[in-house]
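Participant: the sequence and its predicted three-dimensional model are supplied below.
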Amino acid sequence: MAKRRITPERRAQRKKLLEMLQEAGIDDVAGVQELFKEMVSTVLENGL
């Protein structure tokens, strides 16, 4: 199976996402999970 190449657009998206996570003080998977839990609970509390 051929190796997929990462497009410049995808690289830019990943860079932006990493910057946003760092600004929020998230530096590991546990932090991402906690952020996701908070986001889901906020959506459920306020309704879709």
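Facilitator: Cool, the structure landed. Residues are numbered from 1 along each chain as shown.

Participant: ramachandran angles for the spatially most central residue of the chain?
Facilitator: In the chain, the centroid-proximal residue (CA atoms, centre = their mean) is residue 17; its distance is 5.8 Å. The phi/psi pair for residue 17 (degrees, to the nearest 10) reads phi -60, psi -40.

Participant: avg pLDDT for whichever strand or helix holds residue 18?
Facilitator: Per DSSP states H and E: residue 18 is located in helix 8-23. Averaged over helix 8-23, pLDDT sits at 94.

Participant: what's it packed up against?
Facilitator: Counting contacts by 3 or more CB pairs under 8 Å, 6 or more residues apart in numbering; DSSP states H and E, helix 8-23 is packed against no other helix or strand. Bear in mind the C-beta positions are built from the backbone N, C-alpha and C, glycine included.

Participant: give me the contacts around it.
Facilitator: 27, 31-32 (CB atoms under 8 Å, 6 or more residues apart in numbering).

Participant: mind doing that once more with 10 Å?
Facilitator: 4, 6-7, 26-28, 31-32, 35 (CB atoms under 10 Å, 6 or more residues apart in numbering).

Participant: most surrounded residue in these?
Facilitator: residue 26 (16 neighbours; other CB atoms under 10 Å).
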